[in-house]
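> Got a sequence here, can you build the structure:
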Amino acid sequence: MKQSDTPSNTSRRQFLTKSASSAFGFTFIPAYLTSARAQNNPKKPPSQRINLGCIGVGGRGVSVVGGHCNKGNATPIALCDVDFKRGGPTVKKYPDVKQFNDFREMFDQMGEDIDAVTVATPDHTHFTAAIQAMSLGKHVYVEKPLTHTFEEAEILMRAEKKFKVVTQMGNQGHTSGGSEQFKRMVAGGVVDDIVKIEAWKSPGLWFMEAGKRIKGFPKAEPIPESLKTWDLWCGPQEVKDFSSLFHTFNWRGFHLYGGGMFGDWGCHIIDFLHNYLKLGYPTEINPAALADHNQISFPLSSHINLKFPARGDKLPAVDLMWKAGGDYASTVDQKYLDPKSKKAPNLGGAGTLAHRKQGDYLVHRNSHGGRSKIISATKRDDLKDAMNSQGPKFDHMESFVQACMGNGKTDSPFSVAAPLTQVLTLGVVAEFLNVKLKFDPKTKKFIGNDEANALLSGPAPRKDWAGHYKLA
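Numbering: from 1, shown residues only. Here you go, the predicted model:
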């Protein structure tokens, strides 16, 4: 077989043809609005059920697929993974659903029947799966963080406007009782005049344990039989020798494939503050302390200071300090404690403390969908009404399904999720270079640092994937 006739090249050729038609404004009619699939949807009529193409069905993908389908309003018709051994629970639940290792082939063969796509792969392959789906008119749910680089997030924001599909990032706390409460707190003035934010995460991954850290990249290991194509796992990034420290989960500790603790948990911890306080982009990112710094794996512990400019009335400049690792803990000043007991609250292993310029109380929240609490010796009862709220009608994943069917909107579309992800990638760049950086929010470029600016887009994608970066 000639190189030009290989299945992968055929897949790419067909993909580019389809995406070109989308770029020129052809209308995509969602498959669930046609009658062609009525015979395959015995439980619900075709107008009330979303057909999913699920990319990444093991690990986190098990919950993502299940979360979208457990109400019966969506069903998987295609499963895609490079290692189906990881996707055992999903495969067991949907044994008759067609399986693919390459999502490009999935779209080639079943694209006309897919309405929406879930992406629960490692960070470095989120973008390529999402942009191809969007260019083909598919709604897209992508696990957090949205992308691996600042530029990838920028492209997805453009794609959201261009292809006009429903989008949602998997920071599930954004559709929760905690999120509804925070909106009410904003409306009630509870979080006016925040000038300082402490954010933290306890160690929880291998690279944050001194005894498990390694020097350089891991040594090569035999590729498991279940992992059909290692270069597909690597996606647009450089192909390193296979190691179990990459697959199945530990890739998050390497700059090449993941975003470390800030890129990961930042999506759950600073999400509300970033969005509802309109923080936007920082003007300064300073890696104040990085333990065992190197440019291959993330630090043993990390302190990053980000300075955000003022955004208007009651939104003054904010100084955010992120701490991750063994020295993450924050403390509460005695002046905020009940004068009778002086008992400090348990702040937990992940969360934020927001400080007002008035110094009258603190706003404490943990992560995900956790509700906020007021820490104050005198003010807590005064703010009780503003802290009460009900939860949303749908959870995070079901809200995506409903939005795909025309029922409401998602709470964390790419227009919200991408800027948050970009802030996290700026922190990751600072961790990589271990230098203080100045950033211009208007040009979206670092000031006076060409090396840092090159990292906004990262290394050029491998040849097979270069076309994906030109779609929007």
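> So which residues of the stretch 1-150 of the chain form helices?
7-23, 60-69, 88-93, 103-110, 126-135, 150-163 (DSSP state H, counting those that start in this stretch).
> Nearest to residue 262, out of these?
Nearest of the helices of the stretch 1-150 of the chain to residue 262, taken as CB to CB: helix 150-163 at 13.5 Å. Every C-beta, even on glycine, is put in place using the N, C-alpha and C of the backbone.
> In PDB, list the C-alpha atoms belonging to the closest one.
The C-alpha trace of helix 150-163 is given here as PDB (Å, rounded to 0.1, in the frame of the first residue of the first chain):
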ATOM      1  CA  PHE A 150      -3.000  29.400  25.500                       C
ATOM      2  CA  GLU A 151      -3.300  29.500  21.700                       C
ATOM      3  CA  GLU A 152      -5.400  26.400  21.600                       C
ATOM      4  CA  ALA A 153      -7.900  28.000  23.900                       C
ATOM      5  CA  GLU A 154      -7.800  31.100  21.700                       C
ATOM      6  CA  ILE A 155      -8.700  29.000  18.600                       C
ATOM      7  CA  LEU A 156     -11.500  27.300  20.400                       C
ATOM      8  CA  MET A 157     -13.100  30.600  21.300                       C
ATOM      9  CA  ARG A 158     -13.000  31.600  17.700                       C
ATOM     10  CA  ALA A 159     -14.400  28.300  16.700                       C
ATOM     11  CA  GLU A 160     -17.300  28.700  19.100                       C
ATOM     12  CA  LYS A 161     -18.300  31.900  17.400                       C
ATOM     13  CA  LYS A 162     -17.700  30.600  13.900                       C
ATOM     14  CA  PHE A 163     -19.400  27.200  14.000                       C
END
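> I'd like the average pLDDT over that helix.
Mean pLDDT, computed over helix 150-163, is 98.
> helices or strands next to that helix in the packing?
Here helix 150-163 touches helix 126-135, helix 414-433, helix 450-457, going by 3 or more CB pairs under 8 Å, 6 or more residues apart in numbering; DSSP states H and E.
> Check those helices for me and report the most buried one.
Among those, ranked by average contacts under mean count of other CB atoms under 10 Å, first place goes to helix 126-135 (a mean of 27).
> from the middle of its chain, how far away would that helix be?
Relative to its chain's centre, helix 126-135 lies at 14 Å (CA atoms, centre = their mean, to the nearest Å).
> so that helix versus helix 414-433, what angle?
For helix 126-135 against helix 414-433, the angle by axes from the mean of the first three to the mean of the last three CA atoms, to 10 degrees is 160 degrees.
> neighbours around the residue lying closest to residue 172 once chain neighbours are set aside, how many?
Leaving out its chain neighbours, the residue that sits closest to residue 172 by CB to CB, 6 or more residues apart in numbering is residue 396, at 4.0 Å. Neighbourhood size, residue 396 [other CB atoms under 10 Å]: 25.
> picking that back up, quick one: closest of the helices and strands packed on helix 150-163 to residue 94.
Smallest distance to residue 94 across the helices and strands packed on helix 150-163 (CB to CB): 19.0 Å, for helix 126-135.
> Can you show me the CA trace of the closest one as PDB?
The C-alpha atoms that make up helix 126-135 are tabulated as PDB, following Å, rounded to 0.1, in the frame of the first residue of the first chain:
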ATOM      1  CA  HIS A 126      -8.400  17.900  24.000                       C
ATOM      2  CA  PHE A 127      -7.900  20.600  21.300                       C
ATOM      3  CA  THR A 128      -7.600  18.300  18.200                       C
ATOM      4  CA  ALA A 129     -10.700  16.300  19.100                       C
ATOM      5  CA  ALA A 130     -12.700  19.400  20.000                       C
ATOM      6  CA  ILE A 131     -11.800  21.500  16.900                       C
ATOM      7  CA  GLN A 132     -12.500  18.700  14.500                       C
ATOM      8  CA  ALA A 133     -15.900  18.000  16.100                       C
ATOM      9  CA  MET A 134     -16.800  21.700  16.000                       C
ATOM     10  CA  SER A 135     -15.800  22.100  12.400                       C
END
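> So what touches it?
Residues from elsewhere that reach helix 126-135, judged by CB atoms under 8 Å, 6 or more residues apart in numbering: 15, 18-19, 22-23, 53, 55-56, 103-104, 107, 117, 119, 121, 139-140, 142-143, 145-149, 152, 155-156, 159-160, 163, 165, 167, 235-236, 465, 468-469, 471-472.
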